[in-house]
Each structure stands twice: as structure tokens, then as C-alpha cells.
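Chemist: sequence isn't available, so here's the structure alone:
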């Protein structure tokens, strides 16, 4: 598509936006503010589309350009975002927070528009015309009117090829979460101010910076790949330092115990992270050896990091993972009784929180963690995969997407397959009998535990059970799994100690 054609399409978008806005005003006068809101949103989308057409045109033959042009026709929130953000692009006061606010506003506009368009037969709510207020509609009409006037008085010229390449790179990179942090970071925004808000210079500078970093990364990769195979001794030399953060809702951390751990090893160092109310953050710095080649670094570091998280969770009978549940009792910021102008707090009962108790990650927990980290099997092992999935669901379980059954079943599967792995259960036998036989040698009292296995068997068969499954049952199933796996780890450690004493 030639630039001349793009300019024509842009003018058509602006003209159609004016027609939609005029229709919106007429409907507002008739009291049909929910439909008026919809037309005002469409007018704003047409303006966003006109911006996206220009940006997408700059690299029409590339995948990124085609994607942007496709979004210009199909993605409603995306069109609203470009309409809102367009006038502020390249301004000195631009920031990541500004971008995020425009994203939130575009999603909000789209949500309000949908609520006022259709009758939902499955929800006991008001009619659509009562779900959008006249004030909201008037505000949106004002925004759309302002943007139309701005586009009418703006002229666009075809950019040179370098500018085209820079801007299509920017349009794509701004959607990448990691690149977005750098693009709207302090160093980058300071550079925009140096350029007096000149977006063309700023985007070109950023594009050059990212290209330089990518080139250096490729050169590093080439150097690593071209190095001779290290000797067996060299393979054990320190090479990679990997830093990551684990969060826990089950344990508090003490510097005394972590310092004791750090004094014994410099391959995995543990430190307390930022303070989180009723939660803790553990900063981990892990050293990997020269024997891990660059092309395997991601998978090796990911595997070792997960191995440590699982070891901590098993050894402490707690939860250590990358994220925590968010909305466990409330979904809202505030509810106000408009008659009395007083705030009301209503929450889900019970909260989707497990009472882990008042635990501290102790010295013995860390000793047991080291034991688990050493003796847990490596590779693609079924029971560890199940255990990791259970931890992941624990971290995502909230009022929006409750996962209690999934959590329970994953830890049941982890126990089931762990007993197969360690040859304490043979498929075809009655699992509950094997459980009784093994756990009588581990726990003094197994009263009531058999019921947890029966629940797991019911879920395995049909994913249904008549018994209630809350986070309490999930926690109990996890602890049964922890107890068994650590029992096996402890046996392996004792056998290893005997061998080394001979």
C-alpha cells in the first residue's frame, strides 16, 4: 500500500470518526447514553486506527507491520490505546506510568462499552441503558472530540526508510514486557529530555542501543561456541552467577540462619529481600560451573532454580516459589455506602489463604534443604513435575480462578508417582494399602490420612468428589507428599554417608 493511499485511508478514518461522534451526540440528547457511549468509543477507535495505519505502513512487508495493521482492524482496546497515547508520544514527560495509565483507560472504556451493549441472560443485573451513566458518556464524547480536532489539524509526511524501520521496531518493542522496562526507564526518559521531546531522534537512539546490545550478545555467543571443550577440572570452575527471588507465605526469614548457610557455601547464597507484610522474599544467587555451555544456560539455570525452590518447599513443609496469590478475599479497591458516605468492607469467607502457622526458616530446615537439593533426582521426573505444578497452582489460586481441586490432585499425583519412582508402590496394587504400609513406618499416628488418599483416588477417576476440598486439605496433601519424599531423601543421605565412611 503506497503512502498516498495510507493518507487517504487516514482521512476516511477521521471523517468516519466525526460521523460516529455526531451520531453519539444525537443519541445522548435522546437519553440513549449507553448506545451514545458505544458510538463515541468507535469514534475514538477510528482515530486510533488512523494512527496505527501510519505506523503499520512503515514496514508493511514485515511481520510486525502486518500484525499492527491487523490489530488496527480487530483489536478494540489496542485502537483505543493508540488514540489516547498518540498526542503524548515523544513528549518530555512521557513515562512507563503514563503508558500503563493509557492501557488501563483503554481497557476500562472497552469494558464500559460492552456492559452497555448487551443484555446478559445469565446475570441478574440492570438493563444495559442503566449500566452506563450520562456523565461517563459526556466525558468520552469530549475526549473523542478533542482527538478528532487534533488529527484534523495534523499533517503527516512520508518518513524516510530509517525512520520507518525505527518506528516499526518501537511499535513492536513497546509490547515486550522486558524491553518496555528499558524503553520507559529513567535513562531512556532522560535521553528524551535531552532531545527536547524529539521522538524521531529518541526512537533512533533507542533502536541503536538495542541493536548494539544484541550484536554484543551474538558476539558473546559466538565466542562461547567457538571455545574449545573445557577439561574435566575446568568444567567445575565457576562461570555463571544467576540471581532470582523466591517468595514465601509460609515462613519468615532470619539473617542468622541465612548467614550460617552462606558461611558454608558460596555456590548458593541466600539473603532477605524486600519486606512484604505477612510474607517474605528470599534473594538467591546461584553459581553454575564452566561445564554449562552458553546454549544450555537458560535450561540449566531454570532447572537448578526450580530444584532449589522444590527443596526448600519439601524441607520446610512450606511454600517457596516465584509468585504469591493476590486477590484472596477482595477484588475491589473500595465500597462506599452512598447513603451514609461510609466505607464498607466485605470479603470472601473463608479467605483463599492457607494458615501455614507461625514458622521461621530454621537452621535445620536449611540443612534439610541442602540434603534435598543434593539427592533429589535430576532430569524429567514425573513426581517432581507434578510437585512443581502444585506449587504453581498454589501461587495462582485466588477468588478469580480457584484451583483447590487442581492443587490437591497435583500433590496427590506427586505422592503417587514418587512412591512408584522409589519402588514403594507397584501399579496395579491397591495404592491406599501401599500408603498405609509405608506411612506406618514414617509417622507415629496415621489416623485420618487414609481419607486423603481416598479423595485423591476419587479425583483421579472422575475429577469429582462429594467431600469438600479447601486449601486446608490441599496443604495436608502437600505435607504428606513432603514427608514421604524427605523420608526417601534422608535414606539416600544415610546410605551415602555409610559409603563414604568405608
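Modeler: Structure received. Note that the structure is a prediction, hence the values are computed from the model and not measured. Numbering: from 1, shown residues only.
Chemist: can you name the helix or strand that the spatially most central residue of the chain falls in?
Modeler: Centre of the chain computed as the mean C-alpha position; nearest residue by C-alpha atoms, centre = their mean is residue 323, 8.5 Å away. Residue 323 is located outside every helix and strand, with elements delineated by DSSP states H and E.
Chemist: ok, which stretches of the stretch 301-450 of the chain are strands?
Modeler: For the stretch 301-450 of the chain, applying DSSP state E, counting those that start in this stretch gives strands covering 335-337, 342-344, 359-360.
Chemist: mind listing what the residue nearest to the centre of the chain touches?
Modeler: 247, 395-396 (C-beta atoms under 8 Å, 6 or more residues apart in numbering). Using the backbone N, CA and C atoms, a C-beta is placed for each residue, glycine as well.
Chemist: ok, 6 Å please
Modeler: Contacts were defined as C-beta atoms under 6 Å, 6 or more residues apart in numbering; by that measure residue 323 touches residue 395.
Chemist: show the pLDDT at the residue lying closest to residue 13 once chain neighbours are set aside.
Modeler: Distances taken as C-beta to C-beta, 6 or more residues apart in numbering place residue 50 nearest to residue 13, at 3.9 Å, with adjacent residues excluded. Predicted confidence (pLDDT) for residue 50: 83.
Chemist: tell me how far the residue nearest to the centre of the chain lies from residue 184.
Modeler: 23 Å (C-beta to C-beta, to the nearest Å).
Chemist: now do residue 15
Modeler: From residue 15 to residue 184 the distance is 34 Å (C-beta to C-beta).
Chemist: again with residue 382
Modeler: Residue 382 sits 43 Å away from residue 184, going by C-beta to C-beta.
Chemist: these two: who's more crowded?
Modeler: When residue 382 and residue 184 are compared for neighbours, residue 184 comes out ahead with 18 against 14, by other C-beta atoms under 10 Å.
Chemist: need the per-residue pLDDT for the more buried one.
Modeler: Confidence at residue 184, expressed as pLDDT, is 75.
Chemist: mind checking how far it is from residue 206?
Modeler: Distance of residue 184 to residue 206, given as C-beta to C-beta: 10 Å.
Chemist: strands along this structure, start to end?
Modeler: Per DSSP state E, the chain carries strands over the ranges 238-248, 251-252, 268-272, 280-289, 335-337, 342-344, 359-360.
Chemist: what number of residues lie near residue 490?
Modeler: Other residues lying near residue 490 total 15 when counted by other C-beta under 10 Å.
Chemist: excluding chain neighbours, what is closest to it?
Modeler: residue 371 (7.1 Å).
Chemist: got it, and residue 459?
Modeler: Among residues not flanking residue 459 along the chain, residue 409 sits closest, at 4.9 Å (C-beta to C-beta, 6+ apart).
Chemist: and residue 434, by the same measure?
Modeler: Among residues not flanking residue 434 along the chain, residue 425 sits closest, at 4.2 Å (C-beta to C-beta, 6+ apart).
Chemist: now the stretch 151-300 of the chain, which segments are flagged as low pLDDT?
Modeler: Applying pLDDT under 70 to the stretch 151-300 of the chain picks out residues 159, 171-172, 174-178, 217-218, 220-236.
Chemist: mind redoing it with 80?
Modeler: Regions of the stretch 151-300 of the chain meeting the criterion pLDDT under 80 cover residues 155-186, 197, 199-200, 213-236, 275-278, 295.
Chemist: give me phi/psi at residue 327?
Modeler: The phi and psi values for residue 327, taken as degrees, to the nearest 10, are phi -90, psi 90.
Chemist: you'd agree it is up against residue 402?
Modeler: No - counting by C-beta atoms under 6 Å, residue 327 stays clear of residue 402, with 10.9 Å between them.
Chemist: what's the mean pLDDT across the longest helix seen in the chain?
Modeler: Ranked by residue count, the top helix of the chain under DSSP state H comes out as helix 471-501. Regarding helix 471-501, the rounded mean pLDDT is 91.
Chemist: may I see the buried residues of it?
Modeler: By neighbour count on 16 or more other C-beta atoms under 10 Å, the buried set for helix 471-501 is 471, 473-489, 493.
Chemist: contacting residues for residue 455?
Modeler: Residue 455 makes contact with 465, 467 under the criterion C-beta under 6 Å, 6+ apart.
Chemist: give me the pLDDT for it.
Modeler: So residue 455 comes in at 88 (pLDDT).
Chemist: how about the one 3 residues further on?
Modeler: The predicted local distance difference test score for residue 458 is 86.
Chemist: again with residue 93
Modeler: 66.
Chemist: just how off-centre is the longest helix of the chain within its chain?
Modeler: The chain centre lies 31 Å from the centre of helix 471-501; the measure is C-alpha atoms, centre = their mean, to the nearest Å.
Chemist: which other helices and strands contact that helix?
Modeler: If you count contacts as 3 or more C-beta pairs under 6 Å, 6 or more residues apart in numbering; DSSP states H and E, helix 471-501 packs onto helix 297-316, helix 363-375, helix 404-421.
Chemist: tilt between it and helix 363-375?
Modeler: Angle of helix 471-501 versus helix 363-375, following axes from the mean of the first three to the mean of the last three C-alpha atoms, to 10 degrees, is 70 degrees.
Chemist: got TSV for the helices and strands packed on helix 471-501, with distance to residue 335 and mean neighbour count too?
Modeler: Output for the helices and strands packed on helix 471-501, formatted as TSV (distance: least, C-beta to C-beta, whole Å; neighbours: other C-beta atoms under 10 Å):
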stretch	distance to residue 335	mean neighbour count
helix 297-316	36	19
helix 363-375	41	18
helix 404-421	26	23
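Chemist: save those helices as a markdown table, and put in distance to residue 103 too.
Modeler: Converted to a markdown table, the helices and strands packed on helix 471-501 look like this (distance: least, C-beta to C-beta, whole Å):
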| stretch | distance to residue 103 |
| --- | --- |
| helix 297-316 | 29 |
| helix 363-375 | 40 |
| helix 404-421 | 30 |
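Chemist: tell me which of these sits nearest to residue 462.
Modeler: Smallest distance to residue 462 across these (C-beta to C-beta): 11.3 Å, for helix 404-421.
Chemist: average pLDDT for the closest one?
Modeler: The average pLDDT for helix 404-421 rounds to 94.
Chemist: follow-up on the earlier one: out of the strands of the chain, which comes closest to residue 4?
Modeler: It's strand 238-248; of the strands of the chain, that one is closest to residue 4 (C-beta to C-beta) at 52.0 Å.
Chemist: next, count neighbours for the residue nearest to residue 434.
Modeler: For residue 425, using other C-beta under 10 Å, the count is 21.
Chemist: if I look at the closest residue to residue 18 other than its chain neighbours, how far off is residue 376?
Modeler: Spatial nearest neighbour of residue 18, chain neighbours left out: residue 148 (5.8 Å); criterion: C-beta to C-beta, 6+ apart. Here the criterion is C-beta to C-beta. By it, residue 148 lies 63 Å from residue 376.
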